[in-house]
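Asker: The amino acid sequence is not available; the structure is as follows:
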């Protein structure tokens, strides 16, 4: 081992006397990598780009912990060492502060937001009027209702998610790393007595370079450039799969209009979003809705086998609704073009479950579209549906009320159906006009927002089984929905009161979707090859681009287990059921699920579930048609990137760096001069009269 | 830190070495060959000492920090001794090669004297030693950050560069003195070389008190430089002649064919 390598190794050793001396490196002494960060990424649509961008070699800035809005003038104007990396507490993550930083973005290198464990009083980065251009209301249809003229649905929305920032914005958790960052700031960056802080200063570097620019038509055009062997894609369309299931199965190969077929559609949405990439919990926004619908589907299973109703009931779970109704617009498009098992004329009515975070005793509201109700047929059918719903609440602790004012439908998948043709429909929601959800489409819309609390001394398995109050309330809603759907589908009136949703199933679903997806029940209903998507944390509800989102898979398998039948097929038969006389892959889907672990063994009791549950592609029709600038369909894409990381370190002053360079150049010149001098005079310098016979030089 | 620090430290650490190479070695291919061979011999000594280090670390108790420190001191001492042994081995090899070169060459006198070989081999040792010390550090100095977030001294890069410059010059001086004392069988001056090498290496245990390690090292550089100057045929008279530019008369008076 050489002399110098031992020198810095001993430095490291002295500093880390209490730890193992393993892989030492100068890099570890300079940089501290931040591991628990979430970036904000760039999304594009037909006309705009939103989100954040960093430069390709990262953005470096001196850390400044913002104390108040007035303190902003230090990074924006007064501070002597721009650019600054501003560290915000979540209470300061407001529109006014972010807009001020956006305007002075040559002095702001980036923003880091510390997301606490407790939620602020309210926060919604979404717009005030979600999906206003792709709903049903426009200048041709209910112009006075369009663009939230009558009701502003999300008044707390500050629109931050839809702004474009040209610096990176990362989120940090409240943990040891953030404490270290704040300590570094306090040690090095504080201005003492009004004078400028001394170098070296604590700085942060954020890398989140996005490849796509401008808008979707531009990035899709650049995707198609085929100059090299490895063409680089710059963006991908958002999308995933819709899940649908029905009481009576449909032949999956026969598309288009079905004669004499009348279907009641029960819909809910699966996805939500937040300001930062992929972090989205959507508890009130989406989970409450689809959990209710799953529970209602399970409640209807027995009675629809015993006394099948006249009309079919189709349960539809749409993905991508946050981004201009990707899933529902695709299903309507498929129905219009004869690519779905039914078409729009087969639809009798639609019941959609919106945000239903009900607390015991509060009422729920039935929203309908006033423009389509001007038609008497539609109006009568809507009134019939309202009646069915209201009569189903008998014996339960709340009422279903129609809003007083003639107001439009809230943002919902029903709007896309109405765009195609007037269909009677109701949206069930917990808000009369503006949303009650204080954290609509934000990272605070989590289990706490639904008041989902467990006693503190329970183990995870006990928490899974514990029936919370939230679960009881949602069970009542699911019972109402199931009864109303049965009546709407023309079922036997006398059996309606036997329909009851199971609170055990509801609470298990709430635990799995909002607390921890890796629990024993979810493991039992999932396929063996998919068990890796279950994690100890709740799943992410962002629709994403990979076509493999966890909630879709979970809902597919849950719907199959709750509405389908367990068969005694073997695993190989489950994969090829057509060989058996009574099974048909066209009518049903056959899923091999893990099953539970019996008490006295270690092997799972796997079995084959037969259910009429299917997945259909939920990618916007704009990408099928190639109309990337479409105004009718969603055109959202997500940019690609190479790597995303964050790190902190100290920076030295420019003067010291220039001094080092100066000294180096001086040393080089001096040594060149001296060496030249010595080498030209070498025969004089190194001659010696003591050795006259030595060799000549 | 940044590109300026990278270039600054490179020039500080390798400035004298580059200057020496450019003006004295680059023109003569034979000297280049012996330089590279010298660098290779230093690499061999590094390989051997790192092998021993690796084995001893694996069998040692990794938890005990005093044992690790003792192991480090042992590693340093062993490495110094191995380097000097390789220098001696190179000397023996060069002596043998010189006879062979004399037989092959057409001239009557040797194309390269043992004194020049001493200088070139010392510089080769210095180049390789400096490269191994400095290259990793230079690679990390290019990024935007500087050392210090865990509380270490900020002057790491600069002092590493100065230390490397000292080591390069020292290896050159040690080469000259070593070969000269081997020629003249002055074993005590050989021992002084080895002891000064050990001294400089052990001075680095003073880091991060960079003043404590750099100042004595540069004093040793100066002293050894003087000694090497006198060993290689210099004298105060020659120096005065050169500096007062009276060397032309001297040359005319003592003209010898080059």
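Answerer: Perfect, thanks for sending it. From a predicted model like this one, the values you see are computed outputs, not experimental measurements.
Asker: List the contacts of the spatially most central residue of chain A.
Answerer: Central residue of chain A (Cα atoms, centre = their mean): residue A:542, 2.3 Å from the mean position. Going by Cβ atoms under 8 Å, 6 or more residues apart in numbering or on different chains, residue A:542 touches A:271, A:272, A:273, A:274, A:277, A:278, A:279, A:280, A:549. (Glycine included, C-beta is placed from N, CA and C.)
Asker: what ranges of the chain fall below the confidence cut-off?
Answerer: If you meant another chain, say so; for now it's chain A. A:1-3, A:5-24, A:359-361, A:405, A:688-697 (pLDDT under 70).
Asker: oops, chain B please
Answerer: B:1, B:106-108, B:245-258.
Asker: so where do the helices sit in it?
Answerer: Taking DSSP state H, the helices of chain B run over residues B:3-20, B:29-59, B:65-104, B:114-141, B:156-184, B:187-203, B:210-231, B:236-243, B:247-253.
Asker: Would the third one count as contacting chain A?
Answerer: Yes: judged by Cβ under 8 Å from any Cβ of the partner chain, helix B:65-104 comes into contact with chain A through B:65, B:68, B:69, B:72, B:75, B:76, B:79, B:80.
Asker: Neighbours of the fourth one, how many?
Answerer: Pointing back at residue B:72 there. When neighbours are counted by other Cβ atoms under 10 Å in any protein chain shown, residue B:72 registers 19.
Asker: what pairs with whichever residue of the stretch 51-200 of chain A sits closest to chain B across the strands?
Answerer: Here the stretch 51-200 of chain A gets closest to chain B at one residue, residue A:60, 5.1 Å apart by Cβ to the nearest Cβ. Going by DSSP bridges, residue A:60 is paired in beta bridges with residue A:205.
Asker: Next one: it from residue B:5, what distance?
Answerer: 15 Å (Cβ to Cβ, to the nearest Å).
Asker: same thing with residue A:281?
Answerer: 45 Å.
Asker: quick one, what contacts the residue lying closest to residue A:524 once chain neighbours are set aside?
Answerer: The shortest distance from residue A:524 to any non-neighbouring residue, by Cβ to Cβ, 6 or more residues apart in numbering or on different chains, is to residue A:596 (4.6 Å). For residue A:596, the residues meeting the contact criterion (Cβ under 8 Å, 6+ apart) are A:520, A:524, A:604, A:605.
Asker: Quick one: these as JSON lines, columns for neighbour count, secondary structure and distance to residue A:502 too.
Answerer: Listed next are the contacts of residue A:596 as JSON lines, based on neighbours: other Cβ atoms under 10 Å in any protein chain shown; DSSP: H, G, I helix; E, B strand; the rest coil; distance: Cβ to Cβ, whole Å:
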{"residue": "A:520", "neighbour count": "14", "secondary structure": "helix", "distance to residue A:502": "17"}
{"residue": "A:524", "neighbour count": "17", "secondary structure": "helix", "distance to residue A:502": "16"}
{"residue": "A:604", "neighbour count": "15", "secondary structure": "coil", "distance to residue A:502": "23"}
{"residue": "A:605", "neighbour count": "12", "secondary structure": "coil", "distance to residue A:502": "21"}
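Asker: For those, work out which two are farthest apart.
Answerer: The distance between the two most remote of the contacts of residue A:596 (Cβ to Cβ) is 12.6 Å, for A:520 and A:605.
Asker: picking up where we left off before, could you report the separation of the residue nearest to the centre of chain A from chain B?
Answerer: The gap separating residue A:542 from chain B is 32 Å, by Cβ to the nearest Cβ, to the nearest Å.
Asker: If you tally nearby residues, what's the number for the closest residue to chain B within the stretch 551-697 of chain A?
Answerer: Using Cβ to the nearest Cβ, the single residue of the stretch 551-697 of chain A nearest to chain B is residue A:649, 2.9 Å away. By other Cβ under 10 Å, 24 other residues sit near residue A:649.
Asker: Using the three-state scheme, assign it.
Answerer: strand (DSSP: H, G, I helix; E, B strand; the rest coil).
Asker: before we move on, back to that, which helix or strand contains the residue nearest to residue A:524?
Answerer: Using DSSP states H and E, residue A:596 maps to neither a helix nor a strand.
Asker: just the one 3 residues further on next, same as before
Answerer: Residue A:599 is located outside every helix and strand, with elements delineated by DSSP H and E.
Asker: So what does it have for phi and psi?
Answerer: phi -60, psi -40 (degrees, to the nearest 10).
Asker: what do you get for residue A:170?
Answerer: Dihedral angles for residue A:170 - degrees, to the nearest 10 - are phi -120, psi 160.
Asker: Now for residue A:103: which residues touch it?
Answerer: Contacts of residue A:103 (Cβ under 8 Å, 6+ apart): none.
Asker: Contacts only, for residue 36.
Answerer: No chain specified, so I'll use chain A. Residues near residue A:36 by Cβ under 8 Å, 6+ apart: A:172, A:173, A:175, A:177.
Asker: my question was about chain B
Answerer: Residues near residue B:36 by Cβ under 8 Å, 6+ apart: residue B:124.
Asker: The one 5 residues further on too?
Answerer: Contact analysis of residue B:41 by Cβ under 8 Å, 6+ apart lists B:86, B:87, B:89, B:90, B:121, B:124, B:125.
Asker: centre of the chain versus stretch A:294-309, how much separation?
Answerer: Its chain's C-alpha centre and that of stretch A:294-309 lie 32 Å apart, by Cα atoms, centre = their mean, to the nearest Å.
Asker: Please disregard the earlier target; I meant stretch A:510-524.
Answerer: Distance, stretch centre to chain centre, for stretch A:510-524: 18 Å (Cα atoms, centre = their mean).
Asker: contact partners of that stretch?
Answerer: By Cβ under 8 Å, 6+ apart, the list of residues contacting stretch A:510-524 from outside reads A:281, A:283, A:287, A:291, A:446-447, A:450, A:452, A:460-461, A:463-464, A:468, A:470-471, A:474, A:508, A:531, A:533-539, A:550-551, A:554, A:593-597, A:604.
Asker: my guess is the residue of the stretch 51-200 of chain A closest to chain B meets residue A:207, correct?
Answerer: No: using Cβ atoms under 8 Å as the test, residue A:60 is too far from residue A:207 to be in contact (10.1 Å).
Asker: so where do the strands sit in the stretch 351-500 of chain A?
Answerer: A:364-367, A:400-401, A:425-429 (DSSP state E, counting those that start in this stretch).
Asker: Specify which residue of residue A:60 and residue B:5 has the higher count of neighbours.
Answerer: Legend: neighbour count by other Cβ under 10 Å for residue A:60 and residue B:5, higher for residue B:5 (25 against 20).
Asker: Contact partners for the more buried one?
Answerer: A:652, A:657, A:660, A:661, B:141, B:146, B:157.
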